[in-house]
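A.B. asks: Just the structure for this:
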Amino acid sequence: MKRNITTLLLLFCMMQCALCIAAQTANDASTMKFVKVAAPVSNQGAQGNRPSGEFYHATYTGAAWGDYNNDGFLDLYYSDRNTLISDNTVFSNLYRNNQNGTFNRVLRPDISSTAFSCPVWLDVNNDGNLDLFLSGVNNWGYRWNDTLTHLDQIVAHLYLGDGEGGFTEIPDCGIRPIYNGLTGGKGHNWVSAGDIDHDGYTDLIMTGFDDLSRPGTDHPELAIRVVNLYRNIQGERYELVPLPVEGDAPFIGMNDGSVTLVDLDADGWLDVFSTGYGYSHNSEGYIYWNRGDGTFTRGDVLPVWPLTNASCSVADLDNDGLPDLVMTGIYIDAERKCFYLCRNNGDRTFSVVNTDALEPIDGGQLAFGDTNQDGYTDILVGGHGQTHEHTTWLYLNQGNFTFDDWGAHYNDPFGKIGSFSRVTHGSHHLIDYDNDGYLDAWYNGWSNGGCNKGCLTELYQNVSSTKGIPTNESPQPPTGLNVMMTTGSGYVELSWSPGSDDFTPTAALRYNVYIKNLATDEISMLIPADPATGFVKVEALHAAISPTSYEITLPNGDYEWGVQCIDGGNRGSIFATGTFSIANSSIERIDPHAPHVQAGRQCLRYHIDGTATLCVYNTLGMLVSHRAVGGTGHLDVPSPGIYVVTVEQGGNTYTHKLAL
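C.D. replies: Residues are numbered from 1 along each chain as shown. Below is the predicted model:
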């Protein structure tokens, strides 16, 4: 019943999309104009031979845009070394948007300096304020060196924001520190956030090296590769989901790649798309389909060579409401650079699209959005080409998977010169930093010609209004809100009629949903946004959905809910809102203070408030370990395998099945 409703609504939207596409006119490179912002940071002094007013230069790291102080403007965080100042010191860079086209660098000693990182803005505890997750290494010179390695240099920090600029770290947040790679060609989107189980809390997934597990192996020189999924436990902590794949299996571990939580099949549940370097000693790529019960089914093999040493991501390039695969990088076995587009066929299959206009690259970092208000999603990417020097391109979507290029910094191969600097192996972003209705470009990374130290960080303002491109106004919100409930179960299906937009076709609109508990004021959202204005607080929008319905199971209470649509220029409508009440719900929330156990590599990790008795049994029912525990620690097991773990505390017994 639920899936049938979603399918019918999807088909309706796809029909509307076909009508909208027929009326669209693509804008080519002649309609684009970006101008470098000469001094975007008002309180920033000179850096070496670079003038004052520039962002701290950085390379080989990710960045995240988000409104951490609730003023309706996107702020910026990234962390890495600045070779113009020091070859080894790692700087933590938080830039507050001054709302006048400039930024101030804010000193936050409570946020750790972390290199090779992938920062993510999210709302962990549903208080409406952005929190910051930061993982990587705290020493730029970190390298694995057998037992001499300083494993404490691998870090994972979770900071709760107060909405006014302050942050407090959650100790022992339950997330195991990993890193993705220690050179610039690795993907910098290796952490992704979204609610995978529809419990109203934002979960996390990460891919990379688990060096903390290497000493426990017979071959510590081999990287321990993981794709770790962490479930958010009531906004208090995270818990590793050890066997999330159907048949009690883990995700296939990889490093030097990317991972994204995204609804690929338009059923309203977030799936997993992961790529990287695997145990096959080759590039690998996988899709896992969300089964709607907290587990996943591994999909068919991708129709292209899987890639590593760059970022692979998703974007709806043909406006049918289905995210397509965008893959850049190297197929290791053939040492071949590639740039793939794979059309989403809507039946959990993908078709390769001819991409001769897109130069094969490695080190490519991707960003998406409609930069010229023609209704099509464009691609900003920096990379190192197959036969040409590295540079930054803006590929303007012309429809039907054809592209016009803008921004090449050299005459060959395109025969035209744009204004972007030649930057790769860093982080590229399309954001409207000045709220003028045009997507601007920001990037950092390894430069060629722009910096004598090889690093560069620049902001380009989109001034295409001077070429006649109109402003992107906010979409019109959805209408026809409806609530369907199953008595006594706590099950709720929220549905609505599509919104509309001046440029983005109806079927290409994405939706963001919030649910607010009126008794506690706790508010859960698919994507952080301001419920009063509709301002979308983050740049990362993969957790948005395309169906016009959303299902969730809730405990008893009175609720307010809202839904907004987000257009191709990443701008949100105001929220259409409604209310509902639930009585006699059968749902039981997880107690965040209950004993916490999770699987390590051939060990059990635990966090216990107070003391408890912990018992470990093998699959034959034999007792392997029995001891009193408390606080945070770990317990070794004799050999890898499946174990049943019980924790007895306060007259209650908690049972877990773990692969150790």
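A.B. asks: Next, count neighbours for Ala63.
C.D. replies: Applying other CB atoms under 10 Å, we find 28 other residues in the vicinity of Ala63. All C-beta spots, glycine's among them, are computed from the backbone N, C-alpha and C.
A.B. asks: So it sits against Tyr77, correct?
C.D. replies: Yes - here Ala63 lies in contact with Tyr77, judged by CB atoms under 8 Å, at a distance of 6.8 Å.
A.B. asks: list residues touching both of these two?
C.D. replies: Residues touching both Ala63 and Tyr77 (CB atoms under 8 Å, 6 or more residues apart in numbering) are Pro119.
A.B. asks: List the residues that contact Ser112.
C.D. replies: Counting by CB under 8 Å, 6+ apart, Ser112 makes contact with Ser79, Ser92, Leu134, Asn138, Val155, His157.
A.B. asks: Helices of the chain, residue ranges please.
C.D. replies: Secondary structure of the chain, counting by DSSP state H: helices at 2-23.
A.B. asks: so which pair among the contacts of Ser112 is furthest apart in space?
C.D. replies: Ser92 and Val155 (12.0 Å; CB to CB).
A.B. asks: okay, and for the stretch 101-250 of the chain, where does confidence drop off?
C.D. replies: 216-222 (pLDDT under 70).
A.B. asks: Strands along that one, start to end?
C.D. replies: In the stretch 101-250 of the chain, strands defined by DSSP state E, counting those that start in this stretch lie at 103-106, 120-122, 131-137, 154-161, 167-169, 191-194, 203-209, 225-233, 237-241, listed in chain order.
A.B. asks: For Ile566, find the nearest of the ones you listed.
C.D. replies: Between Ile566 and the strands of the stretch 101-250 of the chain, the shortest separation by CB to CB is 14.5 Å, and it involves strand 191-194.
A.B. asks: list the helices and strands the closest one packs on?
C.D. replies: For strand 191-194, the contact count by 3 or more CB pairs under 8 Å, 6 or more residues apart in numbering; DSSP states H and E identifies strand 120-122, strand 131-137, strand 203-209, strand 255-262 as packing neighbours.
A.B. asks: buried sites along the last one?
C.D. replies: So that's strand 255-262. Judged by neighbour count using 16 or more other CB atoms under 10 Å, the buried positions of strand 255-262 are Asn255, Asp256, Gly257, Ser258, Val259, Thr260, Leu261, Val262.
A.B. asks: could these be laid out in a markdown table, adding pLDDT and distance to Pro498?
C.D. replies: Conversion of the buried residues of strand 255-262 to a markdown table gives the following (pLDDT from 0 to 100; distance: CB to CB, whole Å):
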| residue | pLDDT | distance to Pro498 |
| --- | --- | --- |
| Asn255 | 90 | 40 |
| Asp256 | 90 | 40 |
| Gly257 | 91 | 35 |
| Ser258 | 94 | 30 |
| Val259 | 96 | 30 |
| Thr260 | 97 | 25 |
| Leu261 | 98 | 23 |
| Val262 | 98 | 20 |
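A.B. asks: export those residues to CSV and tack on distance to Gly346?
C.D. replies: Output for the buried residues of strand 255-262, formatted as CSV (distance: CB to CB, whole Å):
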residue, distance to Gly346
Asn255, 31
Asp256, 31
Gly257, 25
Ser258, 23
Val259, 23
Thr260, 18
Leu261, 19
Val262, 15
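A.B. asks: give me the low-pLDDT residue ranges for the stretch 551-660 of the chain?
C.D. replies: Residues of the stretch 551-660 of the chain that meet the cut-off, pLDDT under 70, sit at 586-593, 598-603, 632, 659-660.
A.B. asks: Looking at Ser92 and Val155, which is more packed in?
C.D. replies: Here Ser92 and Val155 are compared on neighbour count by other CB under 10 Å; more neighbours surround Ser92, at 22 against 19.
A.B. asks: What distance do you get for the more buried one to Gln44?
C.D. replies: Shown here: Ser92 relative to Gln44, a distance of 14 Å by CB to CB, to the nearest Å.
A.B. asks: Just the C-alpha atoms of stretch 129-145, please, in PDB.
C.D. replies: Presented in PDB, the C-alpha positions along stretch 129-145 are these (Å, rounded to 0.1, in the frame of the first residue of the first chain):
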ATOM      1  CA  ASN A 129      21.100  24.100  16.000                       C
ATOM      2  CA  LEU A 130      23.900  22.800  13.700                       C
ATOM      3  CA  ASP A 131      26.500  20.500  15.200                       C
ATOM      4  CA  LEU A 132      29.800  19.600  13.700                       C
ATOM      5  CA  PHE A 133      31.300  16.200  13.100                       C
ATOM      6  CA  LEU A 134      35.000  16.100  12.300                       C
ATOM      7  CA  SER A 135      37.200  13.100  11.600                       C
ATOM      8  CA  GLY A 136      40.700  12.600  10.300                       C
ATOM      9  CA  VAL A 137      44.200  12.900  11.800                       C
ATOM     10  CA  ASN A 138      45.500  15.700  14.100                       C
ATOM     11  CA  ASN A 139      49.100  15.400  12.700                       C
ATOM     12  CA  TRP A 140      49.700  16.300   9.000                       C
ATOM     13  CA  GLY A 141      52.700  14.000   9.100                       C
ATOM     14  CA  TYR A 142      50.900  10.900  10.400                       C
ATOM     15  CA  ARG A 143      51.900   7.700   8.700                       C
ATOM     16  CA  TRP A 144      51.300   4.000   9.500                       C
ATOM     17  CA  ASN A 145      54.500   2.500  10.700                       C
END
